[in-house]
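take this sequence and fold it.
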Amino acid sequence: MPPKSKSQKNGFLSRMRNPFASFFQSHIRAAQEQHELAGISSASSKRTPSSSQPSHALQGAISRTPTSRVTNSLFSGASSFEMRDVNIHGTGCTNETVDGLSCFLDFVVVTTNKFDALPITGWKLLLNNIARNALHDSDARYDPPKCDEDTRNEVVDEIMGWIEGRGSPQRLLCMTGAAGSGKSALQQTIAEKCGLKTLACTFFFSATDPTRNNVKAVIPTIAYQLGSQNEALKSIIKDSIEDDPLIFSSRLRSQINSLIINPCRRLQRGDLRALPYAILIDGLDECSGEQRQTELLAAIKQCILADDLPFRVFIASRPELAIRSMLDPGGGLHEVAYHIQLSDKYDATEDIRRYLWRRLLDIGCRSQGARARSRPWPTQEDIEVLVRAASGQFIYAATVVKYISEPRSSPVERLKIVVTWTPREGQLARPFETLDTLYSNILSAAKFAYENVDTHSRRDFLLLFRAYHINFTTGFKESASDLVGLQFDAEVLNATLHLEPGAHENLMSDLHSLVTLRDDNGTIKLYFYHKSLSDFLEQESRSKSFFMPTSRVHTYIAKCCLRTIIRCPLELNPRAYTSTEFKISTLTRLVIDSSAEPGQAPILQRKTVQ
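Now for the predicted structure:
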């Protein structure tokens, strides 16, 4: 067979996709060189298969005879590289003759956009373990809540003063507040106010985002942000990870030491002083697992705060069990943390009023409707109704503004719905959907936690919670016309419900974002942060599966009282048992009201009390 021309040889190679064509070309050239050095004539192409051996240069890719083929991998012996975005277009073999050398060539046609002949570095491992969505400027948090102009000035100034006053001994600030009190908006505002030389890193937890609803990515994300702002620190962190690639599965304390503390110690003193120092962590309560929340707080105290490093850490959270127990007297952070109790210390009423005026007037100016652009809209009365309903919590005001701002609807009509809203059959309007979701999520988590305690297994969380809610809001009324009914001290209500002393504390342990316990001249009372919570609990169309009828609560209270009378009729002194204000008429009224529950006979007509 006559040898193929050079153009024919190149014709096959030109069909191969880069970068592999160069591989085959180099091997064919090597074969030609060996062929010439050995003095092989063109007639050698007629040798029998038994007298020939494949060229070393073509080993694994080319066989010199049609009866033998070497099938070693193209990447035989390769190491320390990675291929990504590889597309396999086809496989096959061809018989090529190069200067009389007959060759079988096995090939795979592939293309790749990325070909890195380098090992995965420590920094790349770090990137694989961070939560990008947790950064304050991430796209996942597009248009995040933040403080309106001229609002929350007092608390913003206090926080910024603490951040910038680096001489103060307390390097941890914990801000707790009720659900919807504006904690995340304050964190976002602070993050944007901090300059490049101040803000080191941020981490915003979110219960609905699986990449940032746990502690797994917190330390790597903080380390990433620190290293991104200092090349020397970045190199040290990278080396540390390469020394221990499994660090991301270690305990939080080990991660902080390996990824933050030790690398910072190795920095030159000048670099360390120039490093941004404010670390902001928002929504700790949205991190799954109370024990993991506690572990993170303990790790921050034991590592960052115990070391002579420049960092100042600002954590915001609802006052749930983990952070509350750490901040209480005797808790691990009580002596070292500066604590701002947002809902108790700052009255946001004036800020909410200012916010509502500004936002509703802006909606009116942008509206296509003449009524919204005319004055007076909104009216002073409208604003005051909304301010009272907000009860100092920004989430109510923000929910109202979001509802009214719907561009395909009349803002005038939507404001009227909010101000005069009452539930009715078949009603489609849901102006408080955001609030309802918030309340439902909090109650769901609290119910699960309470009823899963073995000593509470036969208790109905919602029934007990509604009993306390009614007691400390409207009270148990003797008649429907009463403005306020009979109210018991918390411990008295515990006894009335046949619960152990202090039962109210256990019942409310996961509800501190909605309620607070206060000692009022020796009497323990519950105060609810959100006025709108009562509307939610009393309207089945809003609370749905969390709805507990008042009549059922009255039935339960009456049963508890009658059970006590039946068990000890000769010893019962109603005044001594409950309070000096207890009246038999109140019990009678509860018994009568309890019969109003559909499908039940009046309780006094039943033979036994269950």
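
how about the helices in the stretch 501-610 of the chain?
Ranges of helices in the stretch 501-610 of the chain, per DSSP state H, counting those that start in this stretch, are 503-507, 531-538, 540-543, 550-567, 574-577, 584-594.

rebuild the ones you listed as a markdown table, extending it with mean neighbour count.
Bear in mind the C-beta positions are built from the backbone N, C-alpha and C, glycine included. As requested, the helices of the stretch 501-610 of the chain are exported to a markdown table (neighbours: other CB atoms under 10 Å):
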| stretch | mean neighbour count |
| --- | --- |
| helix 503-507 | 19 |
| helix 531-538 | 20 |
| helix 540-543 | 16 |
| helix 550-567 | 18 |
| helix 574-577 | 13 |
| helix 584-594 | 18 |
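
ranking the ones you listed by mean pLDDT, which is last?
Of all those, mean pLDDT reaches its minimum on helix 574-577 (a mean of 47).

break the chain into its domains for me.
6-116, 123-345, 349-430, 435-605 (automatic domain parsing).

most neighbours per residue, which of those?
Highest mean neighbour count among those (mean count of other CB atoms under 10 Å): domain 123-345, with a mean of 18.

mean confidence score for that domain?
Averaging pLDDT along domain 123-345 yields 94.

mind checking the end-to-end distance for that domain?
End-to-end distance of domain 123-345: 43 Å, with CA to CA, to the nearest Å as the criterion.

distance of Ile363 relative to Ala390?
Separation of Ile363 from Ala390 (CB to CB, to the nearest Å): 17 Å.

once you drop chain neighbours, what's closest to Thr349?
Gly392 (5.7 Å; CB to CB, 6 or more residues apart in numbering).

who touches that neighbour in this structure?
Residues in contact with Gly392 (CB atoms under 8 Å, 6 or more residues apart in numbering) are Ser181, Ser343, Asp347, Ala348, Thr349, Ile352, Tyr529.

mind putting those residues in TSV, secondary structure included?
Output for the contacts of Gly392, formatted as TSV (DSSP: H, G, I helix; E, B strand; the rest coil):
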residue	secondary structure
Ser181	coil
Ser343	helix
Asp347	coil
Ala348	coil
Thr349	helix
Ile352	helix
Tyr529	coil
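
want to throw those residues into a markdown table with distance to Asn133?
Conversion of the contacts of Gly392 to a markdown table gives the following (distance: CB to CB, whole Å):
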| residue | distance to Asn133 |
| --- | --- |
| Ser181 | 23 |
| Ser343 | 28 |
| Asp347 | 34 |
| Ala348 | 28 |
| Thr349 | 34 |
| Ile352 | 29 |
| Tyr529 | 29 |
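
and these, which is closest to Arg318?
Arg318 has its nearest neighbour among these in Ser181, at 8.6 Å by CB to CB.

was I right about Gly182 contacting Ala348?
Yes: assessed by CB atoms under 8 Å, Gly182 is found in contact with Ala348 at 7.0 Å.

what sits in contact with each of those two?
Residues within reach of Gly182 and of Ala348 at once, by CB under 8 Å, 6+ apart, are Arg152, Gln393, Phe394.

name the nearest residue to the first one, ignoring sequence neighbours.
Nearest residue to Arg152 in three dimensions, chain neighbours excluded: Asp351, at 5.8 Å (CB to CB, 6+ apart).

again, but for Thr550
Thr550 sits nearest to Ile470 (CB to CB, 6+ apart), 6.7 Å away.

ok, Leu435 next?
Closest residue to Leu435 apart from its sequence neighbours, by CB to CB, 6+ apart: Thr399 at 5.3 Å.
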